[in-house]
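A.B. asks: Starting from these lines, generate the structure:
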Amino acid sequence: MLIGAVTSALVVGYLAGLLSFKVKARWCPRCGATTSDLARQAAGRA
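C.D. replies: Numbers count the residues shown, from 1 in each chain. Model prediction:
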């Protein structure tokens, strides 16, 4: 029983970490713009 609870907690924590990383990756750390906006701007300049 305890092993199942610990394993479940680890899986939930791991998935939450993956989700938060993807959410952080959407924003530029310098200017705060979304990375999809920055990709569009770079494509327009090329």
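
A.B. asks: Mean confidence (pLDDT) on the longest helix seen in the chain, please.
C.D. replies: The longest helix of the chain (DSSP state H) is helix 2-24. Mean per-residue pLDDT for helix 2-24: 87.

A.B. asks: so residue 33 touches residue 27, yeah?
C.D. replies: Yes - counting by C-beta atoms under 8 Å, residue 27 is a contact partner of residue 33 at 7.4 Å. No exception for glycine: its C-beta is placed from N, CA and C like everyone else's.

A.B. asks: Can I get stretch 3-23 as CSV, trimmed to CA atoms?
C.D. replies: Taking Å, rounded to 0.1, in the frame of the first residue of the first chain, the C-alpha atoms of stretch 3-23 are listed here in CSV:
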residue,chain,number,x,y,z
ILE,A,3,4.8,1.6,-2.1
GLY,A,4,1.8,2.3,-4.4
ALA,A,5,1.2,5.7,-2.7
VAL,A,6,4.9,6.7,-3.0
THR,A,7,5.0,5.5,-6.7
SER,A,8,1.9,7.5,-7.5
ALA,A,9,3.2,10.6,-5.9
LEU,A,10,6.5,10.3,-7.8
VAL,A,11,4.6,9.9,-11.1
VAL,A,12,2.4,12.9,-10.4
GLY,A,13,5.4,15.0,-9.4
TYR,A,14,7.3,14.0,-12.5
LEU,A,15,4.4,14.8,-14.8
ALA,A,16,3.9,18.2,-13.1
GLY,A,17,7.5,19.0,-13.6
LEU,A,18,7.3,18.2,-17.3
LEU,A,19,4.2,20.3,-17.7
SER,A,20,5.8,23.3,-15.9
PHE,A,21,8.9,23.1,-18.1
LYS,A,22,6.8,23.3,-21.2
VAL,A,23,4.8,26.2,-19.8
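
A.B. asks: Buried residues, that stretch. List them.
C.D. replies: Within stretch 3-23, no residue qualifies as buried by neighbour count (16 or more other C-beta atoms under 10 Å).
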